[in-house]
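>>> no sequence for this one, just the structure:
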């Protein structure tokens, strides 16, 4: 089974971060510029939380607030559900489903090394299943 490290090697380990004091508008600008759905919120070298498009939709748009007037700290998700690089993707899927999160920061010895999304996990699982099918087809063809 594939691991989180495999995903990061394929997609890259760029992690985009923002300070808790930044405005939500700045966070949205960065998400749009980098074409990502979430940012790690970092206070210096310490992970303070995660902000996602979902946080924006639920805590700004639906409440009629203005993104320029609200700080990231006010709407970020402070509880971080994280994994290590050796975690297998099936476990990540279970964790994301159980905890109802769409992004998992990846830490290696307390150092942030990546951020994976539910899309990354689904892609890895599908690719693994396709490889298994190809291997089984080759086995069947070779076995006749």
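Ah, there it is. Worth saying up front: this structure is predicted, and the values here are computed from it rather than measured. Numbering: from 1, shown residues only.

>>> shaky segments in the protein?
For the chain, applying pLDDT under 70 flags the ranges 143-144.

>>> What is the three-state secondary structure of residue 95?
Here residue 95 is recorded as helix under DSSP: H, G, I helix; E, B strand; the rest coil.

>>> okay, now it: neighbour count?
Residue 95: 16 surrounding residues under other Cβ atoms under 10 Å. From N, CA and C alone the C-beta is placed, and that goes for glycine too.

>>> Residue 46 and residue 103, how far apart?
According to Cβ to Cβ, to the nearest Å, residue 46 and residue 103 sit 18 Å apart.

>>> ranges for the strands of the chain?
Taking DSSP state E to define them, one finds strands in the chain at 17-18, 38-43, 46-52, 103-108, 111-117.

>>> longest single helix anywhere in the protein?
Secondary structure of the chain read by DSSP state H shows that its longest helix is helix 118-143.

>>> now that helix, how far from the chain's geometric center?
23 Å (Cα atoms, centre = their mean, to the nearest Å).

>>> go on, stretch 11-21?
Taking Cα atoms, centre = their mean, one finds the center of stretch 11-21 at 10 Å from the center of the full chain.

>>> Span of that stretch from start to end?
Length of stretch 11-21, first residue to last, Cα to Cα, to the nearest Å: 29 Å.

>>> Could you do stretch 17-26 as well?
11 Å.

>>> and what of stretch 59-72?
11 Å.

>>> Please spell out which residues along it are buried.
Residues of stretch 59-72 classed as buried: 59, 60, 67, 70, 72 (neighbour count, 16 or more other Cβ atoms under 10 Å).

>>> now those as a markdown table including distance to residue 52?
Formatted as a markdown table, the buried residues of stretch 59-72 follow (distance: Cβ to Cβ, whole Å):
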| residue | distance to residue 52 |
| --- | --- |
| 59 | 10 |
| 60 | 12 |
| 67 | 14 |
| 70 | 15 |
| 72 | 11 |
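
>>> Please enumerate residues in contact with stretch 17-36?
Contacts of stretch 17-36 with the rest of the structure, by Cβ atoms under 8 Å, 6 or more residues apart in numbering, involve 14, 16, 37-43, 48-49, 51, 53, 56, 60, 67-76, 112.
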